[in-house]
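Undergrad: Following is a predicted model, sequence given first.
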Amino acid sequence: MAPIVRSLELPLGPAMAFECFAGRFGEWWPVLTHSLARSEGTRCGMELREGGRVVEHAPGGEEQVWGSVTRVEPGRRLGFTWHPGREPESAQWVEVLFEPLGPGSRVTLRHGGWEALGEIAPILRREYVPGWRYVLGDCFAAFAREQK
């Protein structure tokens with residue numbers, strides 16, 4: 001099953017785009033609509049080192065691990081597994097590339113490894129298409145453009 005691919009162009013260089021995406025993940029991720037708790041006070045973050053967690057912190061102190069960081073190349077590439085609300089054995093992979101484009105950058109997100117989800121993979125993949133469009137194309141893009 002083909003990966004989902006989303007790209008956007010930003011007026012920030014690759015290093016700053018990487019920092020906005022990964023280092024400030026919890027500042028732009030839409031936790032009210034795209035988290036397990038979906039409530040006020042929910043936070044999320046990314047431990048920016050190989051083996052670090054992509055994690056949601058619910059208001060009551062409960063943590064939900066969404067995935068783990070697999071690759072960190074500041075200003076170039078970020079990789080992590082992805083399994084929010086599911087067991088790590090069902091994890092897919094996400095890769096985010098940061099490429100120079102004139103004075104700015106192109107950010108490309110690829111989400112694949114759907115086979116790990118078994119028979120529900122086509123349904124979930126179909127749901128993630130508009131999800132990544134909103135999360136990357138609207139939420140992250142707006143946050144990153146404000147940093148210019």
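TA: Perfect, I can see it now. Numbering: from 1, shown residues only.
Undergrad: which phi and psi does Gly102 have?
TA: With angles defined as degrees, to the nearest 10, Gly102 sits at phi 60, psi -130.
Undergrad: Now for it, how many residues are close by?
TA: Gly102 has 9 neighbouring residues, counting by other C-beta atoms under 10 Å. Any C-beta I mention is one placed from the backbone N, CA and C, and that applies to glycine too.
Undergrad: Would you check how far apart it and Glu56 are?
TA: 36 Å (C-beta to C-beta, to the nearest Å).
Undergrad: Thr33 now?
TA: Note on Thr33: its distance to Glu56, by C-beta to C-beta, is 13 Å.
Undergrad: more neighbours, the two?
TA: Using other C-beta under 10 Å as the criterion, Thr33 and Glu56 rank with Glu56 on top: 24 against 11.
Undergrad: Read off the pLDDT value for that one.
TA: Per-residue pLDDT puts Glu56 at 97.
Undergrad: and it, that one's in a helix?
TA: No - membership of Glu56 in a helix is not supported by DSSP: H, G, I helix; E, B strand; the rest coil, which gives strand.
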